[in-house]
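S.K.: Got a predicted structure plus its sequence, pasted below:
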Amino acid sequence: MANFMILLPKDEVDFSEINDYKNIKLIDAEKTVEEAHNAIKDGADGIIARGSEANELKAKTDYTVVEIFVTFQELGLLMNKAKKILGKQKPRVSIVGIRNMFSDTDKFNELFDVDLKTYFVEQKSDFQKAVKQAVDEGTEIIIGGKSANYYAKYYKRPGMIVDFLSKESIENAISRAEAFVSANNYTKKNSLQLQILLDNTFNGIFKINKNGNIENLNAKAGEILGISAGNNISDYNPEIMNEISEKDFFVSEINKKPYVFWVKKEKGGGAFVSVFEEEILSGIASETRKSSFSVSNDFTFDLLEKKSPGLSGVIKSAKLYSQNKLPILISGQIGSEREFISQAIHNENFNTGSYIEFNCAAFPEKAQFKYLFKNEDNESLLELARNGTLVLQNFEYLSKACQQFLIQILNKSCDFKAIFITESNIVKLVKENIIYKELYYLINTFSIQIPSFADRENDIANWAEFYLKEYCEKYSKTLAFTIDSKNIISKYNWDGGLLQLQNFIERAVVISTGKTLKEKFIKEELLKTYPILENTDKNIEFEDLEAIEIKMLLDENNGNRTKVAEKLGISTTTLWRRLKKFNIKNKFE
């Protein structure tokens, strides 16, 4: 829970209206900064204030300040009341006050049939001038605080006092404070975890801008490459920028020593570059060779039929294709059951031999050829796969030379089962001459397309139960889903497939303190763990968790605003204002 102190000027507040709230202190307005210092010193996470007091705190401190403002609904009621007082259908109404004390009024003229003008001031000494301007411009009624109403009376205009401290406005501010602290804690925690991860990984990571200037790097990049932030990467190798621009993987030299570079380009022209020493790459391959190349016997077609009934057609085909040593092409998103299917194929008919996996995307051209076909130090992976299974992950990254060798081998009588796995559009890659046509025709004869994991709610529920049992045993816990929490998980869009689901369930088991994983807990953890919303055109990342929850509720309730407002405990008018504030589009309208 957020611990925010609410500071309010005692000469302008009727405390009897707000005495149910904790952490409220009535102060002398001129002591706002001093009182804020004391509150933060006593452990407050931030300050809730209004109007000029909030402005002063923002200008003179670096504390987190959440402002109290009059809500859309409250102002709307005042518009209708003003019409009744004046007895006119479309009166001229003026709002006079500190800008940050009022919600958005852009649509008021249209929604409430009034002629509304706003006169915002920066400090209390400006109120008389603002009210006089409103009167000179023909206003018929003034809406504002005590100062605005005092000058309205002076200029002989009716005034209406705005209650800046209604239950809704206070709770709205507290809710925003809670959301801010949750988002801030999440950001800090993940930033720290990311920095620890980056500084302890075996490979170096650095970021360059479009001009090649090194903007940031982890400790390992500085240690193994001898580079520094602020310098240009071309200072260490004049040709390296061309390679970064043109390639995703390559081997190049820094300070006359070879390194393997893995590039993730940015739209603006910069790039994140992961780099490690070439001997480390050899070490990875050597460790792979030393392993037993075994695969869990649990991954059988019987298990897949129970956990993924939505793949019944795929499993039927895979069983048939496992009866011979002809190659198989498996297409499907990362995190789908594609790896489980390849292991089930191996367990069905090829488990007397080794199960070899090789991720083509992780190795540059020379290393691919060396480890697959011609390793002078050890047996090649093709030799190790004899009488067993060779799985080529992301095979579209295979070099043309490796593709040619594979074509020759596959055209002969193979002594292993070759499984090619990808998430790319292979036909498109063939047309672009990235994949040889002959290789495509060799492996596409027996092909499997795995349907989207996110579209199979029953399968998601089954795997969630599977992983829940697995991690309860691992962490010696007894947990169960409620019907509602299981429904939330089943309907969630698991873009990362089984891998994402598995990691989330483990997290839920680890941090859960009860006996059941309830709907509220699952929702909150999904929001904290994956704060990304999908739009029709692009991904929008919200820092505010409230925006994410609103979008999820809209999706769950097919865009029904009334139901969403009920679940949030707010009015539909307040919901409308928040949709506008966060620029959330209702795709059902």
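M.R.: Great, that's in hand. Residues are numbered from 1 along each chain as shown.

S.K.: So, low pLDDT: which residues of the stretch 201-350 of the chain?
M.R.: The model of the stretch 201-350 of the chain has pLDDT under 70 over residues 201-203, 249, 267-268, 277-298.

S.K.: Where do the strands of it begin and end?
M.R.: Remark: strands assigned in the stretch 201-350 of the chain by DSSP state E, counting those that start in this stretch are 204-208, 214-217, 249-254, 257-265, 271-277, 328-331.

S.K.: In its sheet, which strands sit next to the first one, and in what direction?
M.R.: Its sheet considered, strand 204-208 pairs with strand 214-217 (antiparallel), strand 271-277 (antiparallel) by DSSP bridges.

S.K.: The ones you listed into JSON lines, with extra columns for distance to Phe521 and mean neighbour count?
M.R.: Any C-beta I mention is one placed from the backbone N, CA and C, and that applies to glycine too. Formatted as JSON lines, the strands paired with strand 204-208 follow (distance: least, C-beta to C-beta, whole Å; neighbours: other C-beta atoms under 10 Å):
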{"stretch": "strand 214-217", "distance to Phe521": "36", "mean neighbour count": "16"}
{"stretch": "strand 271-277", "distance to Phe521": "34", "mean neighbour count": "19"}
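
S.K.: I'd like those strands as TSV, with distance to Leu429 appended.
M.R.: Below are the strands paired with strand 204-208 laid out as TSV (distance: least, C-beta to C-beta, whole Å):
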stretch	distance to Leu429
strand 214-217	33
strand 271-277	23
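
S.K.: can you list the strands of the stretch 201-350 of the chain in JSON lines and add distance to Arg99?
M.R.: Formatted as JSON lines, these follow (distance: least, C-beta to C-beta, whole Å):
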{"stretch": "strand 204-208", "distance to Arg99": "38"}
{"stretch": "strand 214-217", "distance to Arg99": "37"}
{"stretch": "strand 249-254", "distance to Arg99": "53"}
{"stretch": "strand 257-265", "distance to Arg99": "42"}
{"stretch": "strand 271-277", "distance to Arg99": "41"}
{"stretch": "strand 328-331", "distance to Arg99": "56"}
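
S.K.: so which of those strands comes closest to Pro158?
M.R.: Evaluated over those, closeness to Pro158 peaks at strand 214-217, with 59.4 Å, by C-beta to C-beta.

S.K.: Identify the residues contacting the closest one?
M.R.: 204-209, 227-233, 270 (C-beta atoms under 8 Å, 6 or more residues apart in numbering).

S.K.: Dihedrals phi and psi, Glu423?
M.R.: In terms of degrees, to the nearest 10, the main-chain angles of Glu423 are phi -120, psi 0.

S.K.: Quick one: residues contacting it.
M.R.: 331-334, 394.

S.K.: likewise Gly43?
M.R.: Gly43 touches Asn3, counting by C-beta under 8 Å, 6+ apart.

S.K.: Name the residues linked to Ile419 by a beta bridge.
M.R.: Counting by DSSP bridges, Ile419 is bridged to Ile328, Val391.

S.K.: give me the number of residues near it?
M.R.: Neighbours of Ile419 under the rule other C-beta atoms under 10 Å: 31.

S.K.: roughly how far apart are it and Gln393?
M.R.: Distance from Ile419 to Gln393, counting by C-beta to C-beta, to the nearest Å: 9 Å.
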